[in-house]
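>>> sequence first, predicted model second:
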Amino acid sequence: MLPFDAQNPKVDFVLSTSLKWICGTPGAGILSIDKSMIAELSPEARGWFSQSNPFSWDLDKFEYAPDIRRFDSGTPSSMAAVASLPALIWQAQQDQAEMTAWNRQLVDRIIRRADALDLPLQSPRDFNRRGGSVMLRFPDMAEAAAMVGALGVEGFSVDFRGQLLRLSPGVVTRPEAIDDIFDITQTIIARRRRRFAGHNPSYRRKNTGDTTPADTVLGALGEMLLSGAVRVIDCSAVLRPSTPLLRLPEDFAVNTPPIEIHRICEYDKDGPWWAWNWLKLGEHSGTHFDAPHHWLSGKEYTDGFTDTLDLQRVVAPVNVIDCTREATENPDFLLTARHVKDWEAQHGDVGAGEWVVMRTDWDRFSHDPRLFLNEDPGPQEGGAHTPGPSPDCIDYLLGKGIVGWGTQCVGTDAGMAATFNPPFPAHNSLHRDNCFGLASLCNLDQLPPKGAILIATPLKIEQGTGSPIRAIALVART
């Protein structure tokens, strides 16, 4: 929105776009280069339009166009051009001073709300020095990404670069929208600050009003376990050679080998008074735990391995969202943010630091790898057909501050998740957020929608990316 002349002061390059200011069209790229420099430059991104003769197909005799055309790499999108031109014409006909004043008013509003939340401003505060966008610094990239996802679920388009959240109000932005964005942001920040179990001593008092001493609660729990008033539900499948394992295309990745169980001895000459076995199995076999280091997006967390993670987090209340009917009717069923909100309206909000699991009763197929994996028969087909979360579902839950997500299928993502945008949202976003994944869970039909405690402790494998687990749930007997 600031006036700019590439000739005064004279600059070598100007690269810009109309996208943020037109608001609603694909936008138009703008490139200006000092004419005296063009002949010296050899752009690496080049295409048929970069040549003097764009109809020459002799690539061994490629010659750059003598003018600015050498930066035109290929055929532009006709839709972008068609949409951008009327928008650019419209903008040129507007009162630029009025548009600038409007943007400054909106940016001032953003800065005031950000200051109230103690979000550091990374772009100039002085309106005479700033452009039309605002950069706010979050503690790290995961926090910024989670905020973008959570706002996107509510219909607000912002983006991030590293740990910077970028807001670009345009001519169609309403002042009320700024307030809505920051009201949501304030709520999400508060939730996510509570998501690390045991790090907020006042959480119980503030959220439940309960001041009962912890030793009294534990004593009562012990009595209820002994009396049977609290049941222990086994949420794990049996580990055996026939346990279904995830299969990836052979030209894409090395797969986990089948589980092997080998007898060492059983009251015989190799051990007269005892019996034991040795095992060969992958970290992500059977009912298993995905640690953040399992995925590229979580590789930077020093506490992202099975031997370094905070065990306080893996014992937590669990929300069980029943999708059995939908998954039975459609094996590609996706749980969306809208589904979760409807579930919350009936059962209560998902709390910070809690587990969320998707009940589909898919464990009824675990005896047969063909049924359990439900893969397409041909290698060129779409993949596997199993239910899972949509990208906006994971974005919404991370905005709630969950500790992790679980399913009854072979992985935490839907079978067709490779085709999503972004692909594999449960893996990418969960582990980017230092959260955990649970797969191949069983017996979720024995858990209530709310009120159970899920205990999912992985083996303490050095630098482990995951582990088979004996997941159990504590459930009040009704």
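Ah, there it is.

>>> ok, residues contacting the top helix by length along the chain?
The helix of greatest length in the chain, counted in residues with DSSP state H as the criterion, is given as helix 96-116. Contacts of helix 96-116 with the rest of the structure, by CB atoms under 8 Å, 6 or more residues apart in numbering, involve 1-2, 21, 91, 121, 125, 127, 130, 132, 134, 136, 167, 169-171, 173, 175, 178-179, 182. C-beta here means a position set from N, CA and C on the backbone, and glycine is covered the same way.

>>> before we move on, what about stretch 232-246?
The set of residues that contact stretch 232-246 without belonging to it, under CB under 8 Å, 6+ apart, is 225, 255-256, 258-261, 281-282, 284-287, 363, 366-369, 372-373, 410-411, 440-444, 446-447, 452, 454, 468-475.

>>> and the strands in the stretch 351-478 of the chain?
Secondary structure of the stretch 351-478 of the chain, counting by DSSP state E, counting those that start in this stretch: strands at 355-359, 388-389, 404-407, 436-439, 452-455, 466-468, 472-476.

>>> now the ones you listed as a markdown table including distance to residue 114?
Supplementary listing: the strands of the stretch 351-478 of the chain in a markdown table, determined by distance: least, CB to CB, whole Å:
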| stretch | distance to residue 114 |
| --- | --- |
| strand 355-359 | 30 |
| strand 388-389 | 31 |
| strand 404-407 | 30 |
| strand 436-439 | 31 |
| strand 452-455 | 37 |
| strand 466-468 | 38 |
| strand 472-476 | 41 |
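
>>> return the most buried member of those strands.
strand 388-389 (a mean of 30; mean count of other CB atoms under 10 Å).

>>> ok, and what's touching that strand?
Surrounding strand 388-389, the residues in contact under the criterion CB under 8 Å, 6+ apart are 334-335, 358, 397, 405, 407, 409, 411-415, 417, 425-426.

>>> how far is it from where the chain is centred?
Relative to its chain's centre, strand 388-389 lies at 12 Å (CA atoms, centre = their mean, to the nearest Å).

>>> now a ChimeraX select for only the buried ones of the contacts of stretch 232-246.
Here is the ChimeraX command that selects only those of the contacts of stretch 232-246 that count as buried (16 or more other CB atoms under 10 Å):
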select :258,259,281,282,284,285,286,287,363,366,369,372,373,410,411,440,441,442,443,444,447,452,454,468,469,471,472,473,474,475
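
>>> and stretch 85-102, what's buried?
Under the neighbour-count rule (16+ other CB under 10 Å), stretch 85-102 has 87-88, 99, 102 buried.

>>> got those residues as TSV, with pLDDT and distance to residue 273 columns?
TSV is the format used below for the buried residues of stretch 85-102 (pLDDT from 0 to 100; distance: CB to CB, whole Å):
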residue	pLDDT	distance to residue 273
87	76	84
88	77	86
99	86	87
102	92	85
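
>>> biggest separation within these, which pair?
Using CB to CB, the pair of the buried residues of stretch 85-102 lying farthest apart is 88 and 102, separated by 18.3 Å.

>>> hmm, back to that, quick one: which of the buried residues of stretch 85-102 is nearest to residue 421?
Closest to residue 421 out of the buried residues of stretch 85-102 is residue 87 (24.9 Å), distances taken as CB to CB.

>>> where in this structure is pLDDT low?
Confidence mapping of the chain against pLDDT under 70 gives the ranges 1-3, 18-28, 59, 75-80, 199-211, 378-382.
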